[in-house]
Structure formats: structure tokens, C-alpha cells
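Student: here you go, sequence then predicted model.
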Amino acid sequence: MDHKPPLDGALTKTNPTCKVPVMYLITMAHTGEALALFEHFQLSVVEKNLFKNDDLVLLITGEGPFEASVRTALTLSKYRFSEVINLGIAGSLSDELKIGTLLPIRTFYLIQDLKPAFKTFKSLDQGVDCLTSFERILDPEKARKLKGIAHLVDREGWGVALAAKEALIPFRSYKMISDEAGTHGACELIKEEAHHFSLKLAHELSNILGMPSLNKTKRPTLSVTELKGFHFTHTTYHKFHQLLNKLSIKFEKTPEEIFDSLKVSDFLILDVLPKERTKLLLQTMEEKIDPTKKLMDEKMKNLTHLFQKEGLKLIMDPHLENLKVTVSFEASTDEELHKKARGLLNLSLKNFSDLMNGDLHVE
């Protein structure tokens, strides 16, 4: 697949006469999809849902074609962009497409009430077609009716394309298949694999923007005999191999090299049960994959502690896709009810909102 950006020579960094720096606008629907990009590209917060470095701006558009179009259009007015690239996950409308595969999008269609709108937008000369839907396609029957119209379905691509075309800025899109549209439990599957998708999207974007290709690593072949002193169930051993493979991709090393770098001997001297030792090893591997997530989890824990001191329970989306939170508490008397209500008035959700929007400096 040719990932080189279709830009004129006058817009490339290698042209010494170019006075306008290349600035890409990358749009993604959810923060959860983009988490790995924050570290991978060293992005800084500009404002809510907007992040940047010297080469690109990342916009979190949210779901919905019109919402995505408006947010994209507003962002396009703030910088001089050479190109808009829509990146993210999408549901498959074909039984032949494999989950985890990144595909170039040829054309975007808009559908409302399962009916395609007249206006379409071209992304690339070759690739698959994608429907942008006003609603999530969770019903198998609805998905069946859409098969044959396009290969994929997303929630924002058409809207981003609309804004880019109106601004006369080159546009293209790539989608990674996250699930089969209309499949029961698809949302749970996406949440479970959210970080894996995010990590792959970050590396794929590096390739798309012309960075060196990642080394292809073979499937880990380390056996249980090399992990004496640990207690692995079928599930935790499977997770170990998944994490080992992800680390191999991230650091461009073989699984054996990654295994050596884990310093397993440090875990073996810990005075804990083998099961706990395994848990600590997996936790360390997860932190190496996504240090940002660890930092966010720690800060989130500190913030929720303030609510817990008031006897309040705070529930939020662990994948940071939904900014809404649920606050609950129990009371058996009017006095207890009023006390907790007063405690609630003294608390604020601003720090939560800032953190979930990528501000890691929240105290």
C-alpha cells in the first residue's frame, strides 16, 4: 500500500524555497483511539479536543457527520494546512475483511435512516468505500441492509471530508476495522481492544506521513519453561504473548530482545506469590506500552478520592470516549442525604473534564 502523501513539491519539507511549513490536520472521532498518538508524536494540548506538535494538529471530532464537519471547519481556519487526514476505526460490512486491518478509503457516502444521501466525497483513487452514519449500527438487520452499498461504516468521515473539500484542502482517509457492524457485543469488543487499536493507528500514521517503516516481527515463541517462578493461567499467558508482541512492534525489537529487557530476575526476587508476580509483570509490560495511560490512571485515582471522602461514587468511561460521569451515593436518613448533597456542591468536574481531554497537568 502506498502511504506517501499526495503533496506537490512546493509543500514538502525537502524544498528549500518553501516558506510555508507542512502542517497536517489529523482527525479522529474519539480520544480513546488517539491515546497512543499523544506519546508517539509528543503532542501538546492547545485547547479542548485539539493537540499539536511542529508537524501536525490532531483534532478529536466526536461522533456524528455534522458535528465532525463543524469542528473540522473551525480548526481549518486556525492554521495553514497542507492536507487533512481522517484516521480511525470503522465497522465492517463485509465478511471478508479482517479485524485490525488498515484500509485506504476511496469514497465516503452519507446515510440517514439507512438511505444514502446524494453527495459523496472522494478520498483516494483506490481503496474501499465507507458509509458515514448518523447512528451507531448495532442491529444485525440494519447492517444487513447496508451490505452491498459500501465496505465499511463510521460516524465522522463524511463530515470531515465535507469541511476539507469546502476549504479546498486535499483530503484522504484510512480506517482500521474494529468489528463487524451489527454484531452483538461489538461495543464491548472495541473497548477491550481500544489501546491495541490506538497503538496500531499511531504506527500506521507514522508510515502514512512518510516515517521509516516498522520492522516486521515474528510471533513470540517464548514458552512457559522460560517463565519459571510465575503462575500463568490460559488467559494471563495469552495476555503475556499479546503484550510481548505489542512491545516488539513499538520498540522495533524481537520478542526475545523485549523479554530480556524486562529483567524478569527482578520479579523473581520479590517476596510474593507466583500469581502476584505474574500480575506485576503484566502490569509493567502494559506501562511500557502506554506510559501516558498509567499517568492518567494515577491522576484519575487521585481525583476520584476527593469524591470518595464525601461518600460519593464516581463512574466514568475507562476508555475516555464519553466525557459524562455518573455520581451516586447512598443515604438512609434525611440528615445523611443533606450532608452528602452539601458535599457534592463543594466538588467540581472541571479537573476530570480537563484530564479526559488530554491535559496531563491536572493536579
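Tutor: On my side now, so go ahead.
Student: where along the stretch 1-150 of the chain do the strands fall?
Tutor: Along the stretch 1-150 of the chain, the stretches classed as strands by DSSP state E, counting those that start in this stretch are 24-28, 44-47, 50-52, 56-60, 83-92, 102-112, 115-122, 128-133.
Student: mind checking the SS state of the residue nearest to Ile258 when sequence neighbours are not counted?
Tutor: In space, and not counting its chain neighbours, Ile258 is closest to Leu247: 4.6 Å by CB to CB, 6 or more residues apart in numbering. (Each C-beta comes from the backbone N, C-alpha and C, glycine too.) Using DSSP: H, G, I helix; E, B strand; the rest coil, the secondary structure recorded for Leu247 is helix.
Student: what separation do you get for Leu247 and Leu306?
Tutor: 35 Å (CB to CB, to the nearest Å).
Student: compare the two (neighbour count), which wins?
Tutor: Neighbours were counted for Leu247 and for Leu306 using other CB atoms under 10 Å; Leu247 has more, 23 against 15.
Student: so that one sits against Glu287, correct?
Tutor: No. At 10.8 Å, Leu247 and Glu287 do not qualify as touching, with contact defined as CB atoms under 8 Å.
Student: quick one: low-confidence parts of the protein?
Tutor: 1-22, 182-194, 211-226, 234, 292-294, 317-323, 355-363 (pLDDT under 70).
Student: tell me which stretches of it form helices.
Tutor: Applying DSSP state H to the chain gives helices spanning 31-40, 65-76, 140-146, 157-166, 186-192, 194-208, 234-251, 255-261, 264-268, 274-289, 291-309, 334-345, 350-356.
Student: deepest of the ones you listed, which one?
Tutor: helix 157-166 (a mean of 25; mean count of other CB atoms under 10 Å).
Student: for that one, which outside residues touch it?
Tutor: 27, 61, 64-70, 72-73, 76, 84, 86, 88, 90, 105, 108-110, 119, 121, 123, 130, 132, 170-171, 173, 175 (CB atoms under 8 Å, 6 or more residues apart in numbering).
Student: could you tell me the angle between that helix and strand 128-133?
Tutor: Orientation of helix 157-166 against strand 128-133 (axes from the mean of the first three to the mean of the last three CA atoms, to 10 degrees) gives an angle of 100 degrees.
Student: which residues does the residue nearest to Ile258 contact?
Tutor: The neighbourhood of Leu247, defined by CB under 8 Å, 6+ apart, consists of 253, 258, 285, 288-289.
Student: from these, pick the one nearest Ala143.
Tutor: The shortest approach to Ala143 among these belongs to Ile289, at 32.0 Å (CB to CB).
Student: how near is the residue lying closest to that closest one once chain neighbours are set aside to His238?
Tutor: Using CB to CB, 6+ apart and skipping the chain neighbours, the partner closest in space to Ile289 is Lys246 (5.4 Å). Between Lys246 and His238 the computed distance is 13 Å (CB to CB).
Student: what's the answer for His305, then?
Tutor: As for His305, its distance to His238 is 33 Å (criterion: CB to CB).
Student: with Lys279 instead?
Tutor: Lys279 is 15 Å from His238, by CB to CB.
Student: show me how far stretch 72-89 is from its chain's centre.
Tutor: In terms of CA atoms, centre = their mean, to the nearest Å, the centre of stretch 72-89 is set 17 Å apart from its chain centre.
Student: what's the end-to-end length of it?
Tutor: The straight-line separation of the ends of stretch 72-89 (CA to CA, to the nearest Å) is 18 Å.
Student: for Val325, which non-adjacent residue is spatially closest?
Tutor: Nearest residue to Val325, sequence neighbours excluded (CB to CB, 6+ apart): Met316, at 4.5 Å.
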